[in-house]
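Asks: Test case, fold it:
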Amino acid sequence: MAKSKDVRIVITLECTECRTNTNKRSPGVSRYTTQKNRRNTTGRMELKKFCSHCNRHTDHKETK
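Replies: Residues are numbered from 1 along each chain as shown. Take a look at the predicted model:
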């Protein structure tokens, strides 16, 4: 069984443009899941990923 204070945790990345833009081509928000090391990356992670709703690469920020 995993401990509650594991070093690697699963996070969700969400598209920033889908969240703020109401005039988009299809309803929904692009989300990705990944892992991060809690000790090395203490802040919120931000990556450029492909958004299928915006149909281009956009910034995806870590959600709670």
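Asks: got any ranges where this protein has weak pLDDT?
Replies: Within the chain, the stretches with pLDDT under 70 are 1-4, 22-26.
Asks: Could you report the neighbour count for residue 36?
Replies: When neighbours are counted by other C-beta atoms under 10 Å, residue 36 registers 18. C-beta here means a position set from N, CA and C on the backbone, and glycine is covered the same way.
Asks: gap between it and residue 55?
Replies: As for residue 36, its distance to residue 55 is 27 Å (criterion: C-beta to C-beta, to the nearest Å).
Asks: Then residue 15?
Replies: Counting by C-beta to C-beta - residue 15 and residue 55 are separated by 11 Å.
Asks: Next, the residue nearest to the spatial centre of the chain: phi, psi?
Replies: Among the residues of the chain, the one closest to the centroid is residue 13, at 0.6 Å (C-alpha atoms, centre = their mean). For residue 13, the backbone dihedrals are phi -100, psi 130 (criterion: degrees, to the nearest 10).
Asks: Can you tell me which helices and strands the helix or strand hosting residue 18 packs against?
Replies: Element membership for residue 18 (DSSP states H and E) is helix 16-20. Taking 3 or more C-beta pairs under 8 Å, 6 or more residues apart in numbering; DSSP states H and E as contact, the helices and strands that helix 16-20 lies on are strand 56-62.
Asks: can you pull the buried residues of the strand it packs on?
Replies: 58, 60, 62 (16 or more other C-beta atoms under 10 Å).
Asks: How much space separates the nearest residue to the second one once chain neighbours are set aside from residue 5?
Replies: What sits nearest to residue 60 in space, not counting adjacent residues and going by C-beta to C-beta, 6 or more residues apart in numbering, is residue 13, at 3.9 Å. From residue 13 across to residue 5, the span is 23 Å (C-beta to C-beta).
Asks: all strands for the chain, in order.
Replies: 8-15, 31-37, 46-51, 56-62 (DSSP state E).
Asks: How far off centre is the shortest one?
Replies: The one in question is strand 46-51. Remark: strand 46-51 is offset 8 Å from the chain centroid, using C-alpha atoms, centre = their mean, to the nearest Å.
Asks: Thank you, goodbye.
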